[in-house]
Structure formats: C-alpha cells, structure tokens
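In: give the three-dimensional model of this entry:
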Amino acid sequence: MRGPREKLIYVPCILTGTGTQQPDYLATVDVDPESPCYCQVIHRLPMLYIDDELHHTGWNACSSCFGDTSKKRNRLVLPSLGSSRIYIVDTGTDLRAPRMFKVIEPREVFEKCNLTFPHTSHCLGSGEVMISALADTLGNGKGGFILIDAETWEVKGTWERPGDEPPQGYDFWYQPRHNVMISTEWGVPKYFANGFNPEDLKKERYGRRLNVWDWTTHCLIQQIDVGEDSAPLEIRFLHNPDAAHGMVGCTLQSSIHHFFKTEDGDWAAEKVIQIPNKKVSGWYFPEMPGFVTDILISMDDRFLYLSNWLHGDLRQYDITNPFCPKLVGQVFVGGNIYKGGVVTVLEDDELDCQPDPFMIQVSEPGAARVAARERQESKLNLPHPAFSLPLGKEGLWRTSDDSAQLGRQEAVHNDLFVHTLGQAVLPSDGQGRLSHAANRRGHRERRPLCEPGLPGGFREGALRSCSRSRDALPWGRLHLGHLDLGGSR
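Out: Below you'll find the model as predicted:
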C-alpha cells in the first residue's frame, strides 16, 4: 500500500471480431503525471496471429515468491480465449517497449492438458504460472488448470487431480494460509458460442458453483451452489492472509456473494448485495439487469468496487463488515440508461432520473483503477450501443489518489480532459474496440502483488462467427467474445 504510484500500464487491445483482419496487441500507456507523454500510448506490440482474443493477463512472479531475490516481475502472460494460444511478453528489457518473448502454441496445451479457452493467469510461489481454462478440446465445459514452468515456459500439464475437474471454469483465487483455492464458473463454450440464448438458462449451461480446492493436495473438496444460472465470475479474497473471507460477483444474477470459512472448517457463501433490475423500454427485454462484471477489493480491505456493465455504474461498498456491505459511492461511467440514450427507464428502485454520461479514472492509495470507455457494440448481440460516449469525444479522468468519498453519488473532482484510449490506441479502421485489463509497473498491486484490472464494461458472454485463425479450435469458425475493460486481475 505504500509502494510508488505506477508510471506505466500495459493494456491488451482487442481487434478480434472487428473485421479489420489485424492482430490484437499490447499497448503501453504512460500514466506518469510528470511525463510529457502523460495519458498517451507510447508503444504497441502486435500479437503474431489474428483472432487470438486476448483476455486476462498476469505476471510471472508475485508476492507468493516473497523472499526469493532471484525472482523478477519481467514477463507478462497473455492467454488468448479464441485461439488458446498463450503469449509471453518481455517487459524487463525495456519497460516502455515490451517485446515478444515466447509463444505457447495451442497444440501444446491441447496435447498436454486437453484444455481450451485459457482465462485467468496467476503466478505461484513454486515458480510456476497457473492458468484456468473453460473447456476441453471439443468445447465441452471443463474447469481445469494449465500449469506452466515460469523459467522455461514449457507446459507441464494440469494442476488438478485427474478426475476432479468441475463441469465449468472461469476465475480462481488461492489463499495458502488457509490451504484453499476457490474457482468459479461461467458457462459451456459450445453453447454460448453463438451469443446469449435465454433458452440455455435452466439447462445447466451457465455456472452456479464455487469450487473449493485443497491447495496442498489439488483435490476438489467442496462445491457451493450460489443459485441456478448465477454465473459466478470474478472472485477475490481479502488481502489480509489471515482473513478467511472474500467476495464473488454473480453476473447473470446481478449479485455479490460473500464467501467465508465456517467454524466447522468448511466454506459457505451468502448473498450480501443484490442489484435490482430496471424496467425499461427501447431495450431487448422489458427489464434490464445490472450485469455485475468485474469486482475489486481495496488494498486495506475496507471497500469493494463493482461494475454494472449494462447499467453503466461503478459502485463502492464499505465491507468492513463483510456480512453486511454498505453502498457508500456510486458513479456512472457509461452503460445503457444514460440520459438521452435509446433506452428509457420506466421504473427504477434506486435512481430518481437517468444519469448523464461521462468517463472517469478512479484511483485510490495503492490500487489505481481506470475506467476508460468508448462506444462499442454489445457482446450480447443486442441492438443498441453499450457505452455512452461516441469514440473520439473527450472524457473526464479523475486524477486524485483519494478513494471515493462517502455518499451515494460521488462528485468527480480534480478532472483532467484527455482523449479516450480508443482513438489513440486503435488504427482508424479498428476504432470502436478497446481493451480488457491493464497491468502496471512500479506499483504494489492487489493481492498483495497480482494483476490489477480496469473496472468497466463487460464484453464477455458470446462467440461470434469470424475468419479462422491459423490454429483454430477444433469445433470450427466460432470466436469467443471478451471483457473489454473489466476485471482485474
């Protein structure tokens, strides 16, 4: 929490599905207020193939390696949901101009792990990198974990005990002091491949469980049901390693569950936040859920931040009592219900009127978070813009280090007008798509040292037809859509 403020962020930028036939790339953004290049993209590293669909990112070393002076955070791991390719990027040689270090081809992952759709990457104290996966090579749900040597970057196999794979996968978080890892579930790729279909609900095609693992034996020891079709996605333990508490965002349910260790030694989860639907017109359905996507916990474990992708607000909850969170801050950064948009709110249990659109950067001590948005199409294949500002307009970036002030509606202060990243990052024919998560340099990150995320728009939930990448997945010409900003990692 007392580390220096970040001066650079690395932002995966996704051109997959835009029709540009250009590869995704990693943008380096200067966020040093003293720099003449402040808030500018200073470097772009293209991936080697088109249609990779970059997603979450992670480092090769973190606080799990505490005390080992030989470990350096100099490699960035970029799993690709669409191709199952895993890129390893060298950030140590030149911080301001990362270069490609190694590419782990899909075939190696297929042959050694029988897994596809790699998602969350975390470094381990053992000197390995572990990446969660969503499916087997046929697109059937399979929540396994890819284990990679962080020195040789060879795929070693899977982490879990054979036969213990849950039916679905997504995110994961571990807490060695409590000998536990908990993973979450999104859905079965071969079913959500063509976009969200309400008929897939109630058929166990979307996740509903928190999967509890014994960290030492790699055995699946418990499954916690958080509700049918709840889709528990992003999961976070509190940072205090002694605390046996955490939060998980359930996207389709638009809720937050608090999970905790019981007196009996097992784990339980309770719903502690429910975002109410809004009755609307001009949208695909008569009611619009919040669609909770990314969540973050402040480094001091006092606050939970969550993003409602469809409503477009970023919320701050006081979680000093994790059993009873209190909403203490709320700010709109985009979404579908902004004033003057195509959607009209008919009935709202929370707001008196529709919000005005604007864009912000939120930063707090020790854990800066950025929300930079631009207009782009909805990943649910819905006929409306997903964000409030057209590409090329300027947005408000909050530059204060203060966390959101108490009160439901936070006033934006210390504003700086900057161009949205969309116009600066993307070639003209690719504007309208941006990035998922940013990794930062020179900064103590969340876990204590893990990959931070950018709360904001959620693009995850569907595959779209697109041209085949060089090593396409076995089931054909489908491509997974992806979080545009959001998740942290």
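In: quick check, residue 191 in a helix?
Out: Yes. Counting by DSSP: H, G, I helix; E, B strand; the rest coil, residue 191 is located in a helix.
In: next one: it from residue 226, what distance?
Out: Residue 191 sits 20 Å away from residue 226, taking C-beta to C-beta, to the nearest Å as the criterion. C-beta coordinates here come from the backbone N, C-alpha and C atoms, glycine included.
In: which one of these two is surrounded by more residues?
Out: residue 226 (22 against 18; other C-beta atoms under 10 Å).
In: isn't the more buried one right up against residue 233?
Out: No. Between residue 226 and residue 233 there is no contact under C-beta atoms under 8 Å: 11.1 Å.
In: shared neighbours of the two, which are they?
Out: Each of 248, 250 lies in contact with both residue 226 and residue 233 under the rule C-beta atoms under 8 Å, 6 or more residues apart in numbering.
In: so where do the helices sit in the protein?
Out: 106-113, 189-192, 421-425 (DSSP state H).
In: turn these into CSV, columns for mean pLDDT and distance to residue 221.
Out: Formatted as CSV, those follow (pLDDT from 0 to 100; distance: least, C-beta to C-beta, whole Å):
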stretch, mean pLDDT, distance to residue 221
helix 106-113, 97, 22
helix 189-192, 88, 26
helix 421-425, 39, 42
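In: would you tell me which of these gets closest to residue 10?
Out: Of all the helices of the chain, helix 421-425 sits nearest to residue 10, with 12.0 Å by C-beta to C-beta.
In: quick one on the thing from earlier: got the helices of the chain as CSV, with distance to residue 254 columns?
Out: Output for these, formatted as CSV (distance: least, C-beta to C-beta, whole Å):
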stretch, distance to residue 254
helix 106-113, 33
helix 189-192, 18
helix 421-425, 27
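In: among those helices, which comes closest to residue 332?
Out: It's helix 421-425; of the helices of the chain, that one is closest to residue 332 (C-beta to C-beta) at 18.5 Å.
In: if we can go back for a sec, nearest to residue 295, out of the helices of the chain?
Out: Per C-beta to C-beta, nearest to residue 295 of these: helix 189-192, 21.1 Å.
In: right, and residue 132 touches residue 143 too?
Out: Yes. Counting by C-beta under 8 Å, residue 143 is a contact partner of residue 132 at 7.1 Å.
In: ok, the two, which is more surrounded?
Out: When neighbours are counted by other C-beta under 10 Å, residue 143 comes out ahead of the other of residue 132 and residue 143, with 27 against 24.
In: residue 113 is in contact with residue 84, correct?
Out: No. Residue 84 lies out of contact with residue 113 (C-beta under 8 Å); the separation is 9.7 Å.
In: ok, these two, which is more surrounded?
Out: Taking other C-beta under 10 Å, residue 84 and residue 113 do not tie; residue 84 has more neighbours (31 against 25).
In: with adjacent residues omitted, what lies nearest to the more buried one?
Out: residue 106 (4.1 Å; C-beta to C-beta, 6 or more residues apart in numbering).
In: ok, that neighbour to residue 80 distance?
Out: 8 Å.
In: then residue 39?
Out: Per C-beta to C-beta, residue 39 is found 27 Å from residue 80.
In: more crowded one of these two?
Out: residue 80 (28 against 21).
In: which residues does that one contact?
Out: 24, 47, 52, 53, 54, 55, 86, 87, 118.
In: show me the shaky parts of the stretch 351-489 of the chain.
Out: 356-489 (pLDDT under 70).
In: likewise the stretch 151-300 of the chain?
Out: Ranges of the stretch 151-300 of the chain meeting pLDDT under 70: 193-194.
In: okay, strands next: where are they in it?
Out: With DSSP state E, counting those that start in this stretch as the criterion, the stretch 151-300 of the chain has strands at 155-158, 172-175, 180-183, 209-214, 220-225, 232-237, 245-250, 255-261, 267-274, 278-281, 287-288, 292-297.
In: what comes up buried for stretch 231-247?
Out: 231-239, 243-247 (16 or more other C-beta atoms under 10 Å).
In: can I get these in JSON lines with distance to residue 100?
Out: Listed next are those as JSON lines, based on distance: C-beta to C-beta, whole Å:
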{"residue": "231", "distance to residue 100": "34"}
{"residue": "232", "distance to residue 100": "34"}
{"residue": "233", "distance to residue 100": "29"}
{"residue": "234", "distance to residue 100": "28"}
{"residue": "235", "distance to residue 100": "30"}
{"residue": "236", "distance to residue 100": "31"}
{"residue": "237", "distance to residue 100": "32"}
{"residue": "238", "distance to residue 100": "36"}
{"residue": "239", "distance to residue 100": "32"}
{"residue": "243", "distance to residue 100": "39"}
{"residue": "244", "distance to residue 100": "40"}
{"residue": "245", "distance to residue 100": "40"}
{"residue": "246", "distance to residue 100": "35"}
{"residue": "247", "distance to residue 100": "36"}
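In: residue 141 contacts residue 169, correct?
Out: Yes. The criterion here is C-beta under 8 Å, and residue 141 meets it with residue 169 at 7.4 Å.
In: overlap in contacts, those two.
Out: 134, 135, 185.
In: roughly how far apart are the first one and residue 140?
Out: Read it as residue 134. Residue 134 is 10 Å from residue 140, by C-beta to C-beta.
In: so which of those two has more stuff around it?
Out: Neighbour tally, residue 134 and residue 140, criterion other C-beta under 10 Å: the higher count belongs to residue 134, 28 against 16.
In: returning to what we had before: columns distance to residue 148 on top of the strands of the stretch 151-300 of the chain, output as JSON lines?
Out: Shown next, in JSON lines, are these (distance: least, C-beta to C-beta, whole Å):
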{"stretch": "strand 155-158", "distance to residue 148": "6"}
{"stretch": "strand 172-175", "distance to residue 148": "15"}
{"stretch": "strand 180-183", "distance to residue 148": "17"}
{"stretch": "strand 209-214", "distance to residue 148": "18"}
{"stretch": "strand 220-225", "distance to residue 148": "21"}
{"stretch": "strand 232-237", "distance to residue 148": "21"}
{"stretch": "strand 245-250", "distance to residue 148": "25"}
{"stretch": "strand 255-261", "distance to residue 148": "27"}
{"stretch": "strand 267-274", "distance to residue 148": "27"}
{"stretch": "strand 278-281", "distance to residue 148": "43"}
{"stretch": "strand 287-288", "distance to residue 148": "40"}
{"stretch": "strand 292-297", "distance to residue 148": "25"}
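In: great, nothing more from me.
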